[in-house]
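Asker: Model the structure of this input:
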Amino acid sequence: MRRERKYVILTLSATVIINLIGLFWWQSWNLIIYFSIPILLLLLLYSLLTSQMLNAQNSIIENVKSISPGFEYVTGQKFVQRTLTDAINETQDFIFATGGRAKDVDYLESLTQKVLGGSVRYYRVILGDHIHHPLHTHLQKLIEKKSDSVYVGHLPSEKYGNMLVTDQEVILYLPSPSFGGLDTVLRIRNLDLARKYQLYLMQAYGDSKKIDTETEFRELCRDC
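Answerer: You can find the predicted model right below:
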């Protein structure tokens, strides 16, 4: 939706400029009316498109809620970040994260403080061929300060998908078609499901190549 909004703003700006030129150059209100027609049509099209997208999103949310009261469909980058931070702060036993694209400083700092400040076990399975520098420094810091409760592995394949699992809930990352970062997740608060996902991801960790040195992190870091 952000991309469509950008196109609308650019088109409206261009049309306004053309209208002003027509007004001051030709001094003709007929031309102004003529040039205003595309604006009205574009606004109508955008309204219809936005309405359809909102209806589709609301339909998805209602369907998810009907499956189980423990399911929550979260959209919006700030709301997603808050959801991840809340899950991290509420866990008492373990945190299991997959993926290698994490670069949000607040999210990574929440993970760091939780692991360093308690007895939480932290598993990270890096998926893909590289990581960003914020994730590199986050993992390196934890390995150096609390290696007895931090476990990092690497899998070139991304078949497991990106997610955050704690002893209380599962958060599945949903890819966005129009946004470069993470702005949609499915949050599932279910203790039994969280335990099953823990076993599932432990298999992924078991298949991974274990990483615990600065050299290995640097080899994976795209920015180093």
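Asker: Quickly find the element holding residue 118.
Answerer: Using DSSP states H and E, residue 118 sits within no helix or strand.
Asker: For it, the count of nearby residues, please.
Answerer: 11 (other C-beta atoms under 10 Å). Where C-beta positions appear, they are placed from N, C-alpha and C, glycine not excepted.
Asker: where do the helices sit along the chain?
Answerer: 2-26, 29-67, 77-90, 105-116, 133-145, 191-207, 214-220 (DSSP state H).
Asker: For the third one, report the contacting residues that lie outside it.
Answerer: With contacts defined as C-beta atoms under 8 Å, 6 or more residues apart in numbering, helix 77-90 is touched by 72, 74, 95, 104, 106-107, 110-111, 114, 164, 166, 168-169, 171, 179, 181-185, 187.
Asker: could you redo the last one with a cut-off of 6 Å?
Answerer: The contact list for helix 77-90 (C-beta atoms under 6 Å, 6 or more residues apart in numbering) reads 74, 107, 110-111, 114, 166, 169, 171, 182-183, 185, 187.
Asker: Rank these by pLDDT and give me only the lowest.
Answerer: By pLDDT, residue 182 ranks lowest within the contacts of helix 77-90, coming in at 83.
Asker: What is the neighbour count of it?
Answerer: Residues near residue 182, counting by other C-beta under 10 Å, number 21.
Asker: Can you tell me which of the contacts of helix 77-90 is closest to residue 140?
Answerer: residue 111 (13.1 Å; C-beta to C-beta).
Asker: now that closest one: how far from residue 222?
Answerer: With distances taken as C-beta to C-beta, to the nearest Å, residue 111 is found 20 Å from residue 222.
Asker: And these two? Which one has more around it.
Answerer: Ranked by neighbour count (other C-beta under 10 Å), residue 111 and residue 222 place residue 111 first, with 24 against 13.
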